[in-house]
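Peer 1: need a 3D model of the sequence below.
(one chain, ligands or ions: 1)
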Amino acid sequence: MSEIINYYDKIAAEYNSDRFANSYGKFIDRQERKILDKLLPNKDELVLDLACGSGRLLNYAVYGVDGSQEMIKIAKEKYPDKEIFHSDAEKLLFENNSLDAIISFHFFMHLDKVRIKKILEECSRVLKPGGSMIFDIPAARRRKLISYNKSGWHGNLALSKADTVDLNTDFVIKRSFGLLLFPIHRIPKKMRLLFNSLDYFLANSLLKKYSSYHVYEMIKK
Ligand SMILES: C[S@@+](CC[C@H](N)C(=O)[O-])C[C@H]1O[C@@H](n2cnc3c(N)ncnc32)[C@H](O)[C@@H]1O
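Peer 2: Okay, here's the model as predicted:
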């Protein structure tokens, strides 16, 4: 089993409360949902949440896939009616050209480009032509700006738009969004959510290139 899966198996029970019940986690969750509400308005579409974890964003999907049995156990308790599969992201159990969209959050940042390219090949196989691949990734420019020191696989990768275009030629980038422009950890905890809309607005203004994360919507040709 990979180090990453092993890690998520061990922290599965606390993952959602540790990461998303605090003011920082709520902040990012709210902005991600704003983007997903915009990108996935049609509730009838066949959407897969890839690396769905314990199901934080599974309300947007019909299917979930994750490599951690323990994360899946919790996701299934939350969403007993959804089809959630245990598999590696590189080998999906779906037919060719069968899905309308794939979302994948807080996942690609753990990987390297070679692995992401393989996963995107698999996503391209299962998406219908015109289907969308929606994912987040730390922004290379922001990391340079703050002289981010990478340590270990957790925050392994950041990409520029040009790097993202290079990942797979089956896709074209339709649009991108910025997330987290303010250094949120410097804002007092009680005040943070008050800044959410302003931060979202600025992260999607001319300052987008300086946001901490970008969410890409890529369309399969
Ligand atoms: C940070 S969690 C993200 C969970 C969820 N997408 C979210 O945003 O809350 C990363 C997830 O990726 C899963 N994962 C890691 N490597 C994987 C792989 N090769 N195939 C499928 N899932 C994998 C982990 O088990 C973990 O649940």
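
Peer 1: and the closest residue to the ligand within the chain, how far is that from residue 195?
Peer 2: Nearest to the ligand, among the residues of the chain, is residue 53, at 2.5 Å (CB to the nearest ligand atom). In this view, the C-beta of every residue, glycine as well, is placed from N, C-alpha and C. From residue 53 across to residue 195, the span is 26 Å (CB to CB, to the nearest Å).

Peer 1: do the same with residue 211
Peer 2: The gap separating residue 211 from residue 195 is 14 Å, by CB to CB.

Peer 1: neighbour count for these two, which is higher?
Peer 2: residue 211 (26 against 15; other CB atoms under 10 Å).

Peer 1: count the residues that sit near the closest residue to residue 54 other than its chain neighbours.
Peer 2: Take residue 54 and drop its neighbours on the chain: the residue closest to it by CB to CB, 6 or more residues apart in numbering is residue 74, 4.0 Å away. By the criterion of other CB under 10 Å, residue 74 has 18 neighbours.

Peer 1: what about residue 74, which helix or strand?
Peer 2: Following DSSP states H and E, one finds residue 74 within helix 69-78.

Peer 1: that helix close to the ligand?
Peer 2: Yes - Helix 69-78 is in contact with the ligand by CB under 6 Å from any ligand atom, via residue 71.

Peer 1: now do the contacts for the closest residue to residue 134 other than its chain neighbours.
Peer 2: Using CB to CB, 6+ apart and skipping residues adjacent in sequence, the residue nearest residue 134 is residue 103, 4.7 Å away. Listed by CB atoms under 8 Å, 6 or more residues apart in numbering, the contact set of residue 103 reads 36, 40, 47, 48, 49, 50, 57, 60, 61, 134, 135.

Peer 1: cool, and residue 53?
Peer 2: 8, 15, 16, 66, 68, 71, 75, 106.

Peer 1: that one should be in a helix, yeah?
Peer 2: No - Residue 53 is assigned coil when assessed by DSSP: H, G, I helix; E, B strand; the rest coil, not a helix.

Peer 1: list phi and psi for it.
Peer 2: phi 60, psi -140 (degrees, to the nearest 10).

Peer 1: quick one: it from residue 73, how far?
Peer 2: Taking CB to CB, one finds residue 53 at 11 Å from residue 73.

Peer 1: which positions in the chain make contact with the ligand?
Peer 2: Residues of the chain lying near the ligand (CB under 6 Å from any ligand atom): 4-5, 8, 51-53, 56-57, 66-68, 71, 88-89, 105-107.

Peer 1: which residues in this protein form strands?
Peer 2: Remark: strands assigned in the chain by DSSP state E are 47-50, 63-66, 83-86, 99-104, 127-138, 171-179, 213-220.

Peer 1: could you give me the average pLDDT of the first one?
Peer 2: Yep, that's strand 47-50 we're talking about. Average pLDDT, strand 47-50: 98.

Peer 1: what strands line up against that strand, and which way round?
Peer 2: strand 63-66 (parallel), strand 99-104 (parallel) (DSSP bridges).

Peer 1: with the last one instead?
Peer 2: Its sheet considered, strand 213-220 pairs with strand 127-138 (antiparallel), strand 171-179 (antiparallel) by DSSP bridges.

Peer 1: how far away is residue 149 from residue 44?
Peer 2: For residue 149, the distance to residue 44 - CB to CB - is 45 Å.
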